[in-house]
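Enquirer: no sequence on this one, just coordinates:
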DNA sequence: TTAGTGACAGGCA
DNA sequence: CTGCCTGCCACTA
């Protein structure tokens, strides 16, 4: 497994419940600012075997970027279950729920 | 091998 | 606020 993938997985596992991060944040923390799409791919392929909180990862517009309606609904329900308010169209207030990368908990 | 396609981001209209 | 365009890279047909 390449180091980028490992770091991405560790970052996602550190996202606290009730908070979210964007793909861009994660890719930047992992050392590849332009690899947001690969983060998404890692999530899709690794979320099951690594038990990742994939639902806490959203796009830069603060929305659920799902194409599949079932998965989109599941993510919405999981987020609301953690106290995150999700708008009808799947929007989330990043000002409130986004986990800042400058926090002391991020010693990557 | 080339072309199409995303769990995306950022700039611009 | 929304939509379109370009860059990015792994995967698939």
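Expert: Great, that's in hand. These numbers were taken from a predicted model, which means no experiment stands behind them.

Enquirer: Nearest residue to residue A:84 in space, please, no chain neighbours.
Expert: residue A:97 (5.3 Å; CB to CB, 6 or more residues apart in numbering). For every residue, glycine as well, the C-beta is placed using N, CA and C.

Enquirer: Beyond the helix or strand hosting residue A:75, next helix or strand please.
Expert: In this assignment (DSSP states H and E), residue A:75 forms part of helix A:69-81. For helix A:69-81, the following helix or strand on the C-terminal side (DSSP H and E) is helix A:94-97.

Enquirer: contact partners of that following helix?
Expert: With contact meaning CB atoms under 8 Å, 6 or more residues apart in numbering, helix A:94-97 is reached by A:18, A:19, A:20, A:22, A:62, A:84.

Enquirer: which residues sit in contact with the residue in chain A positioned nearest to DNA strand B?
Expert: With CB to the nearest atom of the strand, the shortest gap between chain A and DNA strand B falls at residue A:65, namely 1.9 Å. With contact taken as CB under 8 Å, 6+ apart, residue A:65 is in contact with A:40, A:58, A:59.

Enquirer: Identify the bridge partners of the spatially most central residue of chain A.
Expert: Geometric centre of chain A, nearest residue: residue A:57, 1.4 Å, by CA atoms, centre = their mean. Beta-bridge partners recorded for residue A:57 (DSSP bridges): residue A:21.
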